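Enquirer: Here is the input, now give the coordinates:
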Amino acid sequence: MLGVVGALGHRPAGGAAARAGRTGDPMATSRAAEVLRRPGDPQRATFLELFFDLVFVVAMAQLSRGLVQDLAWSGAFRTLVLLLAIWWIWSSTAWVTDRMDPQRPAIQLLVITTLVGSLVMAAALPEAFGDTGLIFVGAYVGIQISRGLILMLVLRGHELQRTSVRGLFWYGQSALPWIAGALVHGTARGALWALAVVLDHTAGTLGFPTPALGRTPRQDLTISGEHLSERYRQFFIIALGELILVTGLALSSSGFAPDRMAAFGASIATTVLLWRIYIHRAGKMMAEAIAASPDPVRLARSASYAHLVMVAGLVAAAVGAELVISHPLGHTQPAWIAVILGGPALYLAGHARFEQAVFGRVSRSRPIGVLVLAALTPAMLASPPLIVATAAALVLAGVAASDAARARGRPPEPPSPPG
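Expert: Residues are numbered from 1 along each chain as shown. The predicted model follows:
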């Protein structure tokens, strides 16, 4: 994502910034500068971005659907690879609109093109490791290449065009294992796609170092904490909404017997507690933390991957909710334990990393909650899924209660990001 930020550059702020962008035709440079957000522009997410987010409701639902149908280590690995690809598309687009003005027609075209490609990816997700692999990859690679080309045209004559070239170079490199993986099957596809998605994330994190151009200069890496923090909150709500969707559909298809209703109650309680834990301070203070940080881009990148871990936990929790509501008093298989208890544990681990980024410390309740969930695993093997889900909800309730007790009677804690 650093490469994306660099591709968009800093906002023009007076003569010095304007001169920094002049590398060619002054008129072309001026046109390029028009699509960059200006100081004083509204920093809130736009309706176009919220429209774009609707696609990812479908994508999250497809991911959990695929995992519940292949609940094994191989299925978890495939789901992770697909989630990393989906996350990279969404997060890089969020960073694009953080620097570019979504009210400009060229940027609207970029976002809508990404929306269409993402919807094709979402539709292909259930069989991405089967018959629709080439469709999934075609959409993914097409999004990355088309975005780079649009940015090159939009930034024509501006020095920031160079970083668009950096991105195109690396997406051209990663396209090779993506496409090669789509042409083979089984383990080979998984290995090649894992290589490709790691290459994309690593290149972005390093600023897309490119022969002759180097990596994105640090002075080009600027962000708006208000906008980015709102976008990550919105994606968290999308993932939480997918958990609610799965819970409601599972109850609808399973009926309203007392045991199903009890399982429904445990699942909804878990959802509410996950929301409560997120908004308690860290979720609200990300913008302020970015503003206070000596290295805001590094903090935003850390918070981004913390959100990725939390979203992965929510995907697992959605699978657990479906299993618990469908089989509340049945036999609990070990793989079911992994999602019913492991989903909340993964979420708490991600939230601990998020707290570290925002406050420079981690609440003890987070690692304690993870350890308690892990310690419960052996005992839960002999318990029905409803009991396992209730135990997970009680652990989360303990974490939320600890948050409330620590905050009672004290002034709000200011952000204190690590240096």
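
Enquirer: What about Gly167, how many residues nearby?
Expert: Residues near Gly167, counting by other C-beta atoms under 10 Å, number 25. From N, CA and C alone the C-beta is placed, and that goes for glycine too.

Enquirer: Ramachandran angles for Thr210?
Expert: Backbone torsions of Thr210, given as degrees, to the nearest 10, read phi -130, psi 140.

Enquirer: go on, the one 4 residues further on?
Expert: Taking degrees, to the nearest 10, you get phi 70, psi -160 for the backbone angles of Gly214.

Enquirer: Average pLDDT for stretch 125-133, rounded please.
Expert: Average pLDDT, stretch 125-133: 96.

Enquirer: where does that stretch sit relative to the chain's centre, distance-wise?
Expert: Between the centre of stretch 125-133 and the centre of its chain there are 21 Å (C-alpha atoms, centre = their mean, to the nearest Å).

Enquirer: Would you work out how far apart the start and end of that stretch are?
Expert: Counting by C-alpha to C-alpha, to the nearest Å, you get 8 Å between the two ends of stretch 125-133.

Enquirer: Sort out which residues of it are buried, please.
Expert: Residues Leu125, Pro126, Ala128, Phe129, Thr132, Gly133 are the ones in stretch 125-133 that count as buried (16 or more other C-beta atoms under 10 Å).

Enquirer: Touching it from outside, list them.
Expert: When contacts are defined by C-beta atoms under 8 Å, 6 or more residues apart in numbering, stretch 125-133 is touched by residues 59, 62-63, 65-66, 69, 78, 82, 86, 123-124, 136, 181-182, 189-190.

Enquirer: Tell me the one of these nearest Phe208?
Expert: Among these, Ile86 lies closest to Phe208 (C-beta to C-beta), at 20.5 Å.

Enquirer: From Leu249, how far out is that closest one?
Expert: Ile86 sits at a distance of 21 Å from Leu249 (criterion: C-beta to C-beta, to the nearest Å).

Enquirer: Give me the more crowded residue out of these two.
Expert: A side-by-side neighbour count of Ile86 and Leu249, using other C-beta under 10 Å, places Ile86 first with 23 against 14.

Enquirer: from memory that one sits against Leu63, does it?
Expert: Yes: in this structure, Ile86 is within contact of Leu63 by C-beta atoms under 8 Å, at 7.3 Å.

Enquirer: State the number of residues packed around His351.
Expert: Using other C-beta under 10 Å, His351 has 27 other residues around it.

Enquirer: Give the other helices and strands that the helix or strand where it lies contacts.
Expert: Using DSSP states H and E, His351 falls within helix 342-359. Under the contact definition 3 or more C-beta pairs under 8 Å, 6 or more residues apart in numbering; DSSP states H and E, helix 342-359 sits against helix 258-279, helix 282-292, helix 296-326, helix 365-380, helix 385-407.

Enquirer: Packed most tightly, which of these would that be?
Expert: Of these, the one with the most neighbours on average (mean count of other C-beta atoms under 10 Å) is helix 296-326, at a mean of 24.

Enquirer: so how far is that one off the chain centroid?
Expert: 8 Å.

Enquirer: Quick check: next helix or strand after it?
Expert: Following helix 296-326 in sequence order, the next helix or strand is helix 334-340 (DSSP H and E).

Enquirer: elements contacting that following helix?
Expert: Packing partners of helix 334-340 (3+ C-beta pairs under 8 Å, 6+ apart): helix 296-326, helix 365-380, helix 385-407.

Enquirer: Centre of the chain to the shortest one, how far?
Expert: Relative to its parent chain, helix 365-380 has a centroid offset of 25 Å by C-alpha atoms, centre = their mean.

Enquirer: contacts for it?
Expert: Counting by C-beta under 8 Å, 6+ apart, 332, 337, 340-342, 344-345, 348-349, 351-352, 355, 387-388, 391-392, 395-396, 398-399, 402-403 sit against helix 365-380.

Enquirer: what pLDDT, on average, does stretch 376-395 get?
Expert: Averaging pLDDT along stretch 376-395 yields 96.

Enquirer: Point out the ones among the contacts of stretch 125-133 that are inside helices.
Expert: Mapping the contacts of stretch 125-133 onto helices (DSSP state H) picks out 59, 62-63, 65-66, 69, 78, 82, 86, 123-124, 136, 181-182, 189-190.

Enquirer: now the helices and strands packed on helix 342-359 in JSON lines, with distance to Gln108?
Expert: Listed next are those as JSON lines, based on distance: least, C-beta to C-beta, whole Å:
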{"stretch": "helix 258-279", "distance to Gln108": "30"}
{"stretch": "helix 282-292", "distance to Gln108": "25"}
{"stretch": "helix 296-326", "distance to Gln108": "24"}
{"stretch": "helix 365-380", "distance to Gln108": "40"}
{"stretch": "helix 385-407", "distance to Gln108": "40"}
